[in-house]
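Trainee: One predicted model, sequence on top.
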Amino acid sequence: MVEKAKYIWLDGKFIPWAEAQVHIMTHALHYGLGVFEGIRAYHCQDGRTAIFRLKEHIRRLFDSGHVMQLDIPYSRSSIEEVCCDLLRRNGQESGYLRPLVFVGEGVMGLHPQDNPIRVAIISWVWGAYLGEEGLKKGIRAKISSFTRHHVNVMMTKSKTTANYVNSILAKREATFLGFDEALMLDTDGYVAEASGENIFIVSDGVLRTPPLTSVLPGITRSSILTLAQDLGVQVREDLFSRDELYLADEAFLTGTAAEVTPIREVDGRVIGPGKPGPITLKLQTAFFDVVLGRDPRYQNWLAYI
Ligand code: PMP
């Protein structure tokens, strides 16, 4: 269960958590048209709270709205300000922020016309998404029997709520079979991403991740690519197959919720030595140094509240 916070911001107002309700005729509840973000705030070493890459997340929220033709009735800067204000009002030193834009009640049917575009921002405290142990020792993953979205079916540059039914099917299947996470192939059969994370492998010292064609442009993914380049690691954005993944020296997932989580096994095949490899550990350490404000070079990625 999510621990309730004091306030939720809904349609321009901070209201008590319990009062943030929607009507059953809310269009998005029936047909799934909404876009959202997931953002983390960290309690930094100097005692301040910083939201990681807030501007980039809000930019992606508006990009998602643009792709899905949801006209968000606020400015980007006002949404950024609400994110900071919400954490302050909820007294959360660290936490997870969830901006959600959805089609409200009005007409029914598949052409929502002038139904209101509603906006909520919620914050709650969330630990390691794939577990503390997963973060340290690596997780066991399974290639899903479900395929990732075709770019001309759901489009993958928008973080659309309905897209996540595909993720739920994959995650539920993997979890039911005793795995920690589902890895999804694109419609051509190449490795795309996990149910809610981007994927990286290391082969012969080269860090590889699939190009953005059929995956969400992850903000952690982009941060890791920059950190890797700055650390002198050779990086390549290219397609790879499931057997290239089985044969990788190292593999890991990136995402706001999952942060940098090593993969130690895929479909019963041990990856490398079966524990987080040196490049994974180097990047994981660099990532946590940045988000916790310990690396002055990346201060511009932090929005202190
Ligand atoms: N892919 C999918 C499908 C996701 O849901 C997420 C989480 N937002 C990611 C990748 C990682 O994106 P980010 O690093 O921006 O959280």
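Mentor: On my side now, so go ahead. Quick caveat, the model's predicted, so the values are computed rather than measured.

Trainee: Close to the ligand: what parts of the stretch 1-150 of the chain are there?
Mentor: The stretch 1-150 of the chain has residues residue 38 near the ligand, with proximity defined as C-beta under 6 Å from any ligand atom. All C-beta spots, glycine's among them, are computed from the backbone N, C-alpha and C.

Trainee: Find the closest residue to the ligand in the stretch 51-200 of the chain.
Mentor: residue 196 (3.9 Å; C-beta to the nearest ligand atom).

Trainee: Quick one: residues contacting that residue.
Mentor: 129, 164, 167, 171, 255, 257-258 (C-beta atoms under 8 Å, 6 or more residues apart in numbering).

Trainee: please redo it, this time with the cut-off set to 6 Å
Mentor: 167, 255 (C-beta atoms under 6 Å, 6 or more residues apart in numbering).

Trainee: mind checking how far the closest residue to the ligand within the stretch 1-150 of the chain is from residue 260?
Mentor: Nearest residue of the stretch 1-150 of the chain to the ligand (C-beta to the nearest ligand atom) works out as residue 38 at 5.0 Å. Residue 38 sits 15 Å away from residue 260, going by C-beta to C-beta, to the nearest Å.

Trainee: just residue 96 next, same as before
Mentor: Applying C-beta to C-beta, the value for residue 96 to residue 260 is 16 Å.

Trainee: Who has more neighbours out of these two?
Mentor: Ranked by neighbour count (other C-beta atoms under 10 Å), residue 96 and residue 260 place residue 260 first, with 25 against 19.

Trainee: Surely that one is within a helix?
Mentor: No: applying DSSP: H, G, I helix; E, B strand; the rest coil, one finds residue 260 to be strand, outside a helix.

Trainee: Apart from its neighbours in sequence, what residue is nearest it?
Mentor: Leaving aside its chain neighbours, residue 260 sits nearest to residue 284 (4.2 Å; criterion: C-beta to C-beta, 6 or more residues apart in numbering).

Trainee: element containing the one you found, please.
Mentor: In the assignment (DSSP states H and E), residue 284 maps to helix 278-291.

Trainee: model confidence over that helix, on average?
Mentor: The average of the pLDDT scores along helix 278-291 is 98.

Trainee: what's it in contact with?
Mentor: The contact list for helix 278-291 (C-beta under 6 Å, 6+ apart) reads 42, 52, 202, 224, 227, 250, 252, 260, 262, 295, 298.

Trainee: Can you tell me which of those residues comes closest to residue 18?
Mentor: For the contacts of helix 278-291, the residue nearest residue 18 by C-beta to C-beta is residue 42; the value is 27.6 Å.
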